[in-house]
Structures are given as C-alpha cells and as structure tokens.
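Enquirer: here's my sequence, what's the structure:
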Amino acid sequence: MADVFGQGEYAVRFDWGPTGAQTTRADVAVVVDVLSFSTTVTVAVERGMRVFPYRWQGPGAAEFAARNDAALAVGGLEAIRDDAVSSPTLSPAGLLHGPVYPRLVLASPNGATIAQALDDGATTVTIGCLRNAQAVALWLAPLVSSGRSVAVVAAGERWDANDSLRPAIEDLLGAGAVLAALMSLVGGDGFSPEASLAAEAFTAGRERLATRLHDCASGRELAAKGFGADVDVAADLNSSPVVPVLVAGAFDDAESAQKRATKGFQ
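Expert: Residues are numbered from 1 along each chain as shown. Model (predicted):
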C-alpha cells in the first residue's frame with residue numbers, strides 16, 4: 001500500500017504535531033507555531049540572533065544554553081520579575097524591541113520540540129509563521145520546482161489534562177498562509193488534499209486575520225496574561241523577509257545558514 005498517512009504521493013504535505021511531522025517526513029519541513037515559537041524565532045533571526053531550539057525548560061535548558069554560550073530565554077511572566085529584568089524573553093514583542101542576544105536558546109513544548117526531532121540531517125528544517133509566510137514560499141518555490149518534497153507542520157498546543165495535541169487555529173492559519181503563497185507560485189497540482197485545504201482555510205480567514213488571532217483560544221490566553229501585544233506581532237502578515245533555517249543546531253537566516261553548512265562550522 002502507498003504511504004497513505006505520510007502523504008508520500010504528494011510533493012507538498014500538511015499535518016499536525018510531532019507525530020504528523022514524523023509521518024510526513026519530507027526533504028524540507030516548515031514548522032509553524034504562531035503563538036509564539038515560530039514568530040519569536042523569526043523576530044530574533046531578523047534582528048541578527050542565532051536561535052537554538054530546546055524541547056522545554058528545566059534544569060537541562062540552562063545547561064544546554066551554557067554549552068552553546070547562549071542566553072536562555074524565559075517566559076514572559078518570568079522576564080518581568082525583579083530578579084529576571086535582564087533576561088531575554090520568549091515573547092516576540094519583547095524580542096522585537098529589546099536587546100539583541102547573538103546566541104539565544106528558545107525552549108518550547110511544541111515548535112522547538114518538533115524542530116529538534118526533525119534535526120537529524122535527513123530533513124532541512126525551517127520556520128514559518130504569518131510574518132514570513134511569503135518569504136518562506138519564495139524560498140520553497142525553486143526547491144519544489146526542482147523536485148524536492150515539502151511538509152508544512154502545524155505545531156498545535158497541548159491539553160493540560162493529558163498533554164494530548166490541541167489543534168490551534170493560529171497554526172492552521174500560519175501554515176495555510178505559507179501553503180497559499182507557495183501554491184500561487186508553483187500551482188497546486190502537487191499539493192495533498194490536506195495541504196490544499198489548509199491553504200483554503202487561510203484564504204477564507206485572511207480578511208479578519210488579526211481579529212481571529214485575538215479571539216481564538218490561544219490569543220485570549222495570551223491577552224489574559226498581559227501579552228496581547230504578542231498577538232499583534234504574530235498577526236503582522238508578510239512583514240518579515242527572513243527565512244530561518246536550522247543548521248548546526250541553530251536557526252539562522254537562509255543565506256547565513258547556507259554559508260555555515262558549506263563551511264561546516266558553528
């Protein structure tokens with residue numbers, strides 16, 4: 001039987017979460033975690049930072065940051081405590097206007113976890129969000145045209161009750177934005193039904209994009225914690241030209257990442 005669940009008959013695929021990322025393994029994976037990992041990575045890389053993804057915070061995160069001579073980003077609430085005023089933050093709004101850290105560790109249970117899991121040399125891992133959807137599509141188009149496969153992975157969130165996947169509409173919209181832009185460049189013949197429908201979902205929701213992000217469950221959660229500005233940063237469609245690519249364990253802009261891969265150094 002053909003690789004039905006992996007969508008292997010199609011050049012461009014779409015699925016959810018860590019299991020979907022592994023099932024739809026492709027030459028290139030685009031990890032989408034709009035609120036907030038992929039937006040934060042895009043903002044950081046745009047400002048000249050190299051970003052090391054880490055599965056989640058804990059004692060190991062600080063050790064990982066120290067081994068990589070990097071600053072460890074903390075949660076938004078932690079960052080405003082008196083004893084953490086100088087710490088970088090996971091908040092994209094905070095990183096957009098705060099200090100620049102040349103090397104930064106971002107820990108997340110969703111986007112970072114998926115990125116690290118795919119970072120085994122077989123797949124090129126990049127980051128997509130609403131801010132850089134067009135830039136990512138422009139970067140992907142010649143790869144697809146040359147015959148390489150692409151899987152766009154919506155990270156989703158986790159339910160507190162049992163840690164199972166919670167599909168999140170902000171990630172559906174972010175993935176759909178990348179896929180819709182890519183479809184306009186290469187056509188939709190090679191798109192799986194899942195990828196095509198994600199693109200259509202974005203097209204249908206584009207007119208009220210910021211409102212939908214603010215009103216969705218994740219947006220309301222951030223606003224309740226005092227981080228509504230993160231939603232505004234995330235909803236700024238096609239505002240960034242940056243395509244973060246994972247090389248030597250860290251995200252860098254595509255051009256710099258290519259140079260690092262060629263030279264083989266960190």
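
Enquirer: can you get me a residue count around Ala224?
Expert: Using other Cβ atoms under 10 Å, Ala224 has 9 neighbouring residues. The C-beta positions use only the backbone N, C-alpha and C, and glycine is treated the same way.

Enquirer: so who does it touch?
Expert: With contacts defined as Cβ atoms under 8 Å, 6 or more residues apart in numbering, Ala224 has no neighbours.

Enquirer: against Val231, how distant is it?
Expert: Taken as Cβ to Cβ, to the nearest Å, the spacing of Ala224 relative to Val231 amounts to 11 Å.

Enquirer: what average pLDDT does the biggest helix by length in the chain get?
Expert: Scanning the chain for the helix with the most residues, using DSSP state H, yields helix 169-186. Taken as a whole, helix 169-186 has an average pLDDT of 98.

Enquirer: tell me which strands and helices that helix is in contact with?
Expert: Packing partners of helix 169-186 (3 or more Cβ pairs under 8 Å, 6 or more residues apart in numbering; DSSP states H and E): strand 12-16, strand 28-32, strand 124-128, helix 133-145, strand 150-154, helix 193-205, helix 209-215.

Enquirer: among the ones you listed, which comes closest to Leu104?
Expert: Between Leu104 and the helices and strands packed on helix 169-186, the tightest spacing by Cβ to Cβ is seen for strand 124-128, at 13.6 Å.

Enquirer: in CSV, list the helices and strands packed on helix 169-186 along with mean pLDDT.
Expert: What follows is the helices and strands packed on helix 169-186, written out as CSV (pLDDT from 0 to 100):
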stretch, mean pLDDT
strand 12-16, 98
strand 28-32, 98
strand 124-128, 98
helix 133-145, 98
strand 150-154, 98
helix 193-205, 97
helix 209-215, 97
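
Enquirer: can you redo the ones you listed as JSON lines with mean neighbour count?
Expert: Shown next, in JSON lines, are the helices and strands packed on helix 169-186 (neighbours: other Cβ atoms under 10 Å):
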{"stretch": "strand 12-16", "mean neighbour count": "26"}
{"stretch": "strand 28-32", "mean neighbour count": "29"}
{"stretch": "strand 124-128", "mean neighbour count": "26"}
{"stretch": "helix 133-145", "mean neighbour count": "20"}
{"stretch": "strand 150-154", "mean neighbour count": "30"}
{"stretch": "helix 193-205", "mean neighbour count": "19"}
{"stretch": "helix 209-215", "mean neighbour count": "17"}
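
Enquirer: can you list these in TSV and add distance to Ala115?
Expert: Shown next, in TSV, are the helices and strands packed on helix 169-186 (distance: least, Cβ to Cβ, whole Å):
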stretch	distance to Ala115
strand 12-16	15
strand 28-32	5
strand 124-128	5
helix 133-145	14
strand 150-154	9
helix 193-205	19
helix 209-215	22
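
Enquirer: for Val245, find the nearest of the ones you listed.
Expert: Short answer: strand 124-128, nearest of these by Cβ to Cβ, at 5.0 Å.

Enquirer: just the residues contacting the closest one, thanks.
Expert: Strand 124-128 is contacted from outside by 27-32, 38, 41-42, 45, 111, 115, 118-119, 136, 139, 152, 174-175, 177-178, 243-246, 251, 254, using Cβ under 8 Å, 6+ apart.

Enquirer: rewinding a little: buried residues in the longest helix of the chain?
Expert: Applying a neighbour-count criterion of 16 or more other Cβ atoms under 10 Å, the buried positions in helix 169-186 are 169-183, 186.

Enquirer: could I have that helix exported to PDB, CA atoms only?
Expert: What follows is helix 169-186, C-alpha atoms only, in PDB (Å, rounded to 0.1, in the frame of the first residue of the first chain):
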ATOM      1  CA  ILE A 169      -6.400  27.800  14.500                       C
ATOM      2  CA  GLU A 170      -3.500  30.200  14.600                       C
ATOM      3  CA  ASP A 171      -1.200  27.400  13.400                       C
ATOM      4  CA  LEU A 172      -3.700  26.400  10.800                       C
ATOM      5  CA  LEU A 173      -3.800  30.000   9.500                       C
ATOM      6  CA  GLY A 174       0.000  30.300   9.600                       C
ATOM      7  CA  ALA A 175       0.600  27.000   7.800                       C
ATOM      8  CA  GLY A 176      -2.200  27.900   5.300                       C
ATOM      9  CA  ALA A 177      -0.500  31.300   4.700                       C
ATOM     10  CA  VAL A 178       2.700  29.600   3.700                       C
ATOM     11  CA  LEU A 179       0.900  27.000   1.600                       C
ATOM     12  CA  ALA A 180      -1.400  29.500  -0.200                       C
ATOM     13  CA  ALA A 181       1.600  31.700  -1.100                       C
ATOM     14  CA  LEU A 182       3.500  28.600  -2.300                       C
ATOM     15  CA  MET A 183       0.500  27.500  -4.400                       C
ATOM     16  CA  SER A 184       0.300  30.800  -6.100                       C
ATOM     17  CA  LEU A 185       4.000  30.400  -7.200                       C
ATOM     18  CA  VAL A 186       4.100  26.700  -8.200                       C
END
